[in-house]
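[1] Sequence below, structure please.
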Amino acid sequence: MDKRESNILKGTAIIFMLIHHLFNDKKLIKLAEFGSSSEKTAVYHMAIFFKICVPIFVFISAYGLSKQYMKKGILKDSRTIAKDAFRRYRKLLYGLWTIMAVAVVVAHIVNRYLPEEVYARNDANAIKNFVFDMLGLSEFFGTAHYNNTWWYISFAVLLFMILPLINMLHEKVGSLIIPLSLFAAVLLQEFQGTLANYLERYIIGVAAAVTFAREDTIERYKKIISPWYLRLTAFIFFGAAFAFCYYLRSKLILDYYVIDNLTAIVLIMLVCTISGIKVLSPLYAVLYVLGLYSMNMFLGHTFIKSYFFKDFTYSFKKWWLIALILILISFAVSFAVEMLKKGIQIIINKIKKSIKEKGGSDGDDMSEQEMA
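    Predicted coordinates for the structure are as follows:
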């Protein structure tokens, strides 16, 4: 899976996420208009099914990180592992803090969902809640989030910690980590109500992603299906498998976390099967761009559709128009935030350069005085 395919999948996942959050509740779906009751039911079930956005993001993250571990030799010693994890953690927090700063400003402008009120809700220690949330550690300590979807930040931090270990375990036992992950998921059920609960849900996808990355599964798969007739056969197979997973999920025939992880993998293989079809290039271009900005869209869309502008979001009535408007606004905000981050980085670089030049100049002046 190359970077282009990864971003196409991220773009797909962020669309799934926004639709899921818009219509996955019967109270929310009443805010939209539908042509018939059957259409309403279909959209509701589709929104529920789109919860697969999370295992898609988890798989892509675990896959990409595992590839980087191998490419850069990060697993060679503990110091290198810790340095890489901290670098990724710092980058994650930078994105979180930027969105948070924008959200706080907007909250005070519209006088709604003020952080000082949210963090103090059900807990007098608002400062503690704020600090843990800004460090991405709220789920570790069971403290309040400013944004309910930010539980994933804590899971990402956990992923930075455990993924090197899972990769090293793969070096020892190979693809056996997949059945071992099933066993681990069962054991993790004893820790309900903690961050382990999320790990239980997605550990199977993480193990599969590590295996796919380290064994070049997708690359070898692409070579096998290079003849057009094999590619067509694979497309039919994974298309049918995706539809079957939808059926299983809607009927709750299997544990939905198992189905969600399986469906995510099926969709990933389906996209990798058809990613070279030129007639779909315009669609892929749109999904690719959305994928580039998917992190900011994830961090910020709930503020738009739930906390600050809920009435505006659902005022467009038609469900597809509501979804489209939220996607466009979330993307626009994400793009603006990314430009803000780049502007801040430019200012920081100029300050660093100025300090460095001043330090060098002072050193030169001192040397001249010593020579005199």
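[2] could you say what helices and strands the helix or strand containing A42 packs with?
    Following DSSP states H and E, one finds A42 within helix 37-49. Helix 37-49 sits against helix 3-23, helix 26-29, helix 228-251, with contacts defined as 3 or more CB pairs under 8 Å, 6 or more residues apart in numbering; DSSP states H and E. For every residue, glycine as well, the C-beta is placed using N, CA and C.
[3] buried residues in the first one?
    Looking back up the chat, that one is helix 3-23. 5-23 (16 or more other CB atoms under 10 Å).
[4] Helix, strand, or coil at the residue most central in space within the chain?
    In the chain, the C-alpha nearest the mean C-alpha coordinate belongs to F57, at 4.6 Å (CA atoms, centre = their mean). Following DSSP: H, G, I helix; E, B strand; the rest coil, we place F57 in the helix state.
[5] show me the contacts for the residue lying closest to T12 once chain neighbours are set aside.
    Distances taken as CB to CB, 6 or more residues apart in numbering place L287 nearest to T12, at 5.7 Å, with adjacent residues excluded. Taking CB atoms under 8 Å, 6 or more residues apart in numbering, we find L287 in contact with N7, I8, L9, G11, T12, I15.
[6] Please tabulate those in JSON lines and include pLDDT and distance to L114 as additional columns.
    Below are the contacts of L287 laid out as JSON lines (pLDDT from 0 to 100; distance: CB to CB, whole Å):
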{"residue": "N7", "pLDDT": "94", "distance to L114": "35"}
{"residue": "I8", "pLDDT": "94", "distance to L114": "38"}
{"residue": "L9", "pLDDT": "95", "distance to L114": "36"}
{"residue": "G11", "pLDDT": "95", "distance to L114": "33"}
{"residue": "T12", "pLDDT": "95", "distance to L114": "34"}
{"residue": "I15", "pLDDT": "96", "distance to L114": "30"}
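[7] Closest one of those residues to N129?
    I15 (31.4 Å; CB to CB).
[8] what sits against that closest one?
    I15 sits in contact with L287, L290, A323, I327, where contact means CB under 8 Å, 6+ apart.
[9] State the distance from the residue nearest to T12 to C53.
    As for L287, its distance to C53 is 13 Å (criterion: CB to CB, to the nearest Å).
[10] Please apply the same query to V186.
    25 Å.
[11] who's more crowded, the two?
    C53 (24 against 10; other CB atoms under 10 Å).
[12] Surely the more buried one and K10 touch.
    No - checked against CB atoms under 8 Å, the pair C53 and K10 is beyond contact range at 9.6 Å.
[13] could you dump the contacts of L287 to a markdown table with distance to L199?
    Below are these laid out as a markdown table (distance: CB to CB, whole Å):
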| residue | distance to L199 |
| --- | --- |
| N7 | 26 |
| I8 | 27 |
| L9 | 22 |
| G11 | 26 |
| T12 | 24 |
| I15 | 26 |
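[14] Those residues: which two are farthest apart?
    Greatest spacing in those, by CB to CB: N7 and I15 (12.8 Å).
[15] Point out where the stretch 151-300 of the chain drops to low pLDDT.
    Along the stretch 151-300 of the chain, the model assigns pLDDT under 70 to residues 192-194, 252-256.
[16] at 80 what do you get?
    Along the stretch 151-300 of the chain, the model assigns pLDDT under 80 to residues 189-196, 250-257.
[17] How far does the longest helix along the chain sit from its chain's centre?
    In the chain, with assignment by DSSP state H, the single longest helix is helix 319-371. Relative to its chain's centre, helix 319-371 lies at 24 Å (CA atoms, centre = their mean, to the nearest Å).
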